[in-house]
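Student: What follows is a predicted structure for the sequence shown.
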Amino acid sequence: MKNQTAKYFKYAIGEIVLVVIGILIALQINNWNENRKQQIKEREILSYTIKNLTFDSLAIDRLITNAERMLKVHEELVQLSKGEIQESDVSDLDMFRYSESSQIITKKNNIDLPNQISNTALKEAILRYFIWIDYVEFTTVSQIQFVAEQLSPFFREKKLLNYVENSATAKAINRERFFIEFKNEEFKQILYDSRGRSNNLKRLGLKIQSKNAELLQAVNKYLDEQ
């Protein structure tokens, strides 16, 4: 009886061990499957992020280009005030009426992106990029408000705007009246403010341009290593 009882207990323990091992193996397989699904989902998210970042790069280039065009006009006005060039040498005055909202879309399309990434370093890089996006968003909104609330009302008050129909070549700003008003110190102060804003926009554009390139490189490297 004792031998039979001992054999029974050994058999029962063996069965329990086998069941436990089976459960552990099943859990391991399940975890592996879940991790694999997570990796596939993460790759899909990052592949979509690369497309967004590429679009961002084009938008940032456009932002920098327009800021540089604006600064070129400002520099020409400075040269004009010093007598170094003529009024006819000053380029596109219509740039003063230009303003554009930010077209940087990565954060807009997936604001929760940092929380969907498992790699800590990549998560932090995304968060840093998002912070710079916020800086640019704030600056472009401020630029739009400045044009709408200060520049445009001043142009209307001083009758500096031409009546133009839909035409790619028509100029909205009356150059003759603009240069007469340019001698006004109040106008110069407004233009000085505009120049500072354009400088700031270009500076932020160059900064986020480098952050965009860094993040694109980091995402591609991460995907290559998976």
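Tutor: Noted; the coordinates are in hand. Numbers count the residues shown, from 1 in each chain.
Student: Show me the helices in the protein, by range?
Tutor: Taking DSSP state H as the criterion, the chain carries its helices at 2-81, 106-109, 120-146, 152-157, 175-181, 185-225.
Student: With residue 95 as the reference, name the closest of those.
Tutor: Closest approach to residue 95 among these is made by helix 2-81 (5.0 Å; C-beta to C-beta). Yep, even glycine has a C-beta here, placed from its N, CA and C like the rest.
Student: what pLDDT, on average, does the closest one get?
Tutor: For helix 2-81, mean pLDDT rounds to 83.
Student: chain center to stretch 97-111, what's the gap?
Tutor: 7 Å (C-alpha atoms, centre = their mean, to the nearest Å).
Student: first to last residue in that stretch, what's the distance?
Tutor: Start-to-end span of stretch 97-111 (C-alpha to C-alpha, to the nearest Å) is 32 Å.
Student: How about stretch 100-120?
Tutor: 34 Å.
Student: what distance separates it from the middle of the whole chain?
Tutor: 9 Å.
Student: Same check on stretch 193-201?
Tutor: Mean-position distance between stretch 193-201 and its chain equals 19 Å (C-alpha atoms, centre = their mean).
Student: Report the buried residues of that stretch.
Tutor: Of the residues in stretch 193-201, 194-195, 197-198, 201 count as buried by neighbour count, 16 or more other C-beta atoms under 10 Å.
Student: how close does residue 133 get to residue 105?
Tutor: According to C-beta to C-beta, to the nearest Å, residue 133 stands 9 Å off from residue 105.
Student: Repeat that for residue 116.
Tutor: According to C-beta to C-beta, residue 116 stands 17 Å off from residue 105.
Student: would JSON lines of the helices of the chain with distance to residue 93 be doable?
Tutor: Formatted as JSON lines, the helices of the chain follow (distance: least, C-beta to C-beta, whole Å):
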{"stretch": "helix 2-81", "distance to residue 93": "7"}
{"stretch": "helix 106-109", "distance to residue 93": "33"}
{"stretch": "helix 120-146", "distance to residue 93": "17"}
{"stretch": "helix 152-157", "distance to residue 93": "10"}
{"stretch": "helix 175-181", "distance to residue 93": "6"}
{"stretch": "helix 185-225", "distance to residue 93": "11"}
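Student: residues contacting the closest residue to residue 140 other than its chain neighbours?
Tutor: Distance criterion C-beta to C-beta, 6 or more residues apart in numbering; nearest residue to residue 140, sequence neighbours excluded, is residue 102 at 4.5 Å. Under the criterion of C-beta atoms under 8 Å, 6 or more residues apart in numbering, the contact list for residue 102 reads 59, 63, 133, 136-137, 140-141.
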